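**Student:** predicted model, plus sequence, below.
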Amino acid sequence: MLTLHHLNDSRSQRILWLLEELGAPYEMVRYQRDPQTRLAPPELAKIHPLGKSPIIVDGDIKIAESAAIVDYLIRRYGKETASPR
């Protein structure tokens, strides 16, 4: 099962949208920013050393950069809609 580690007010919102559009099965773990500093909580660093969001975990694969995540999700869960050239 794919897991999205979602941080409020972050680029993980676009990953959540893409997962819904693809109809991919996923679970979400939510994190909240510190209200004073607006920093991500230290729990995210336990998932990935950068401690940033978004992060996805899909089996043994862990990705922590939104463009790389989008590319991975489309390749893994997208349906071919374009005709071959």
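**Tutor:** Yep, it's here.

**Student:** now do the buried residues in the helix or strand harbouring Trp17.
**Tutor:** Assigned by DSSP states H and E, Trp17 falls within helix 12-22. Applying a neighbour-count criterion of 16 or more other CB atoms under 10 Å, the buried positions in helix 12-22 are Ser12, Ile15, Leu18, Leu19. All C-beta atoms are positioned from the backbone trio N, CA, C, and that covers glycine.

**Student:** distance from the helix or strand bottoming out on mean pLDDT in the chain to the middle of the chain?
**Tutor:** Within the chain, no helix or strand scores below helix 43-47, which has a mean of 89 by mean pLDDT, DSSP states H and E. Relative to the centre of its chain, helix 43-47 is centred 14 Å away, using CA atoms, centre = their mean, to the nearest Å.

**Student:** could you list every helix and strand in contact with that helix?
**Tutor:** strand 2-7, strand 55-58 (3 or more CB pairs under 8 Å, 6 or more residues apart in numbering; DSSP states H and E).
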